[in-house]
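# Next come a sequence and a model predicted from it.
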Amino acid sequence: MSMEKLTFQGHSGDPLAGRLDMPEGPVLATALFAHCFTCSKDIPAARRIAARLAGLGIAVLRFDFTGLGHSSGEFQNTTFSSNVHDLVLASEALSQRGMAPDLLIGHSLGGAAVLRAAESIPSTKAVATIGAPFDPDHVTHNFADALPGILEHGVGEVQLGGRPIKIGRDFVENVSSEKLEVSLAQLKKALLVLHAPQDDIVGIENATQIFLHAKHPKSFVTLDNADHLITRLADAEYAADVISAWASRYLDLRPPAPPIGAPEGVVRVTEADPDGFLQDINTCKHHVYADEPPAYGGTNKGMTPYGFLSAGLGACTSMTIRMYARRKKWPLTKVWVDVKHDAMHAQDASGGHSKIDQFVREIHLEGDLDEEQRARLLEIADKCPVHKTLESSSEIKTILAS
């Protein structure tokens, strides 16, 4: 994943700071991410979700709302409506780059903002919310004791997330007047609601109300024991995986035609976790993970590289046997292949000893086959193209299960 800085003008004319996370390969879609109340584009959940989506070919713009993070302006002069305006301006900045957003993602109050902004961003095909309040006024519960002073004096300083934040009267009055019922009823976009049942900041009942007021297509997925800020890596990865899998039904994520000389396309392997070994593997139409076991510093979220190599041999063997039996019209009802890999000592041509890779392939055949047919299918296994590829540098030992 590569990252580009993107600056655009916010609702007040102040420059807003954004980061555009780009896929290593072709951009299949674009997402616009709205962060939580008084947070920033750089909170762990935003970074991790953007990284996972970029690994799947979806570019993600995350930016700081006016007066927050690296963006200019005074936060105390902002409102919920101004946040929505900033989102619309962010979408226009993307459109000017030929990357009009297909997907809107909002976290907490950012979720309410994307629901409100969706009608003003015509390129949007799908909207996903994470821990979003049904009533934007819900956010004032975080500083309820300070509300009288804010309303009386026009501005007040509150402690949020361990730091002082100035809140203006306009924000309080504006957010209290905002209702999402109409926006949800008129959304006309696919909606995904992600929420944690144990969220103690924005209760799960908010997700229920959002879901009930929206029209189909709509989906709800629980984030189980995740916290409101999605601070754990596993929860952020899960949210990103769910969003990407769900969005693929509504976005055109078809990659471009494969290049000349690579009929199956390019297999792109991208590091997903620089602190471990997790890898995003993308082909023309598919996405999988590669990883290592915890004993070797990995997180065990995907097969190991040798696991993929063994899987390739096993899959090709099974396909080759099936293709031959089908052509011969033999009664093969089922075939499966167990593959084990290990390094072993062997004598080389000079009489010395060296280690080589050994693949033990155990083939299981079901059906009313006679011994001659079974023996022939065992021979056909060695015609597997992957077998031939590996055979030039590896020893492949094949046995027929009894």
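All right, it came through fine.
# is it true that Asp86 lies in a strand?
No: under DSSP: H, G, I helix; E, B strand; the rest coil, Asp86 sits outside any strand and is assigned helix.
# Enumerate every residue touching it.
Counting by CB atoms under 8 Å, 6 or more residues apart in numbering, Asp86 touches Gly10, His11, Leu16, Phe63, Phe65, Thr66. Where you see a C-beta, it was placed from the backbone N, CA and C, and this is true even at glycine.
# how about a cut-off of 7 Å?
Gly10, His11, Leu16, Phe65, Thr66 (CB atoms under 7 Å, 6 or more residues apart in numbering).
# Ok, Phe143 next?
Contacts of Phe143 by CB under 7 Å, 6+ apart are Val158, Leu160, Ile167.
# Just to be sure, the last one is in a strand?
Yes: according to three-state DSSP, the state of Ile167 is that of a strand.
# Make 545 the starting number, not 1.
In the new count, where the first residue is 545, that last one comes out as Ile711.
# Next one, pLDDT for it please.
Ile711 carries a pLDDT value of 87.
# Run a quick neighbour tally on it.
25 (other CB atoms under 10 Å).
# Helix or strand next in line after whichever strand or helix holds Ser639, which one?
Following DSSP states H and E, one finds Ser639 within helix 624-640. Going down the chain from helix 624-640, the next helix or strand is strand 647-651, by DSSP H and E.
# partner strands of that next one, parallel or antiparallel?
Strand pairing for strand 647-651, determined by DSSP bridges: strand 573-578 (parallel), strand 670-674 (parallel).
# how about the helix holding Ser639 as PDB, C-alpha atoms only?
Extracted C-alpha coordinates of helix 624-640, given in PDB (Å, rounded to 0.1, in the frame of the first residue of the first chain):
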ATOM      1  CA  PHE A 624     -22.600  18.400  12.600                       C
ATOM      2  CA  SER A 625     -23.900  20.000   9.400                       C
ATOM      3  CA  SER A 626     -20.400  21.400   8.700                       C
ATOM      4  CA  ASN A 627     -19.000  17.900   9.000                       C
ATOM      5  CA  VAL A 628     -21.400  16.700   6.400                       C
ATOM      6  CA  HIS A 629     -20.400  19.600   4.200                       C
ATOM      7  CA  ASP A 630     -16.700  18.700   4.700                       C
ATOM      8  CA  LEU A 631     -17.600  15.100   3.500                       C
ATOM      9  CA  VAL A 632     -19.200  16.400   0.400                       C
ATOM     10  CA  LEU A 633     -16.200  18.600  -0.400                       C
ATOM     11  CA  ALA A 634     -13.900  15.600   0.200                       C
ATOM     12  CA  SER A 635     -15.900  13.600  -2.300                       C
ATOM     13  CA  GLU A 636     -15.600  16.500  -4.800                       C
ATOM     14  CA  ALA A 637     -11.800  16.500  -4.300                       C
ATOM     15  CA  LEU A 638     -11.800  12.800  -5.100                       C
ATOM     16  CA  SER A 639     -14.000  13.300  -8.200                       C
ATOM     17  CA  GLN A 640     -11.500  15.900  -9.500                       C
END
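# what's the angle between it and strand 573-578?
Interaxial angle, helix 624-640 versus strand 573-578 (axes from the mean of the first three to the mean of the last three CA atoms, to 10 degrees): 160 degrees.
# Identify each buried residue in helix 624-640, please.
Residues of helix 624-640 classed as buried by neighbour count (16 or more other CB atoms under 10 Å): 624-635, 637-638.
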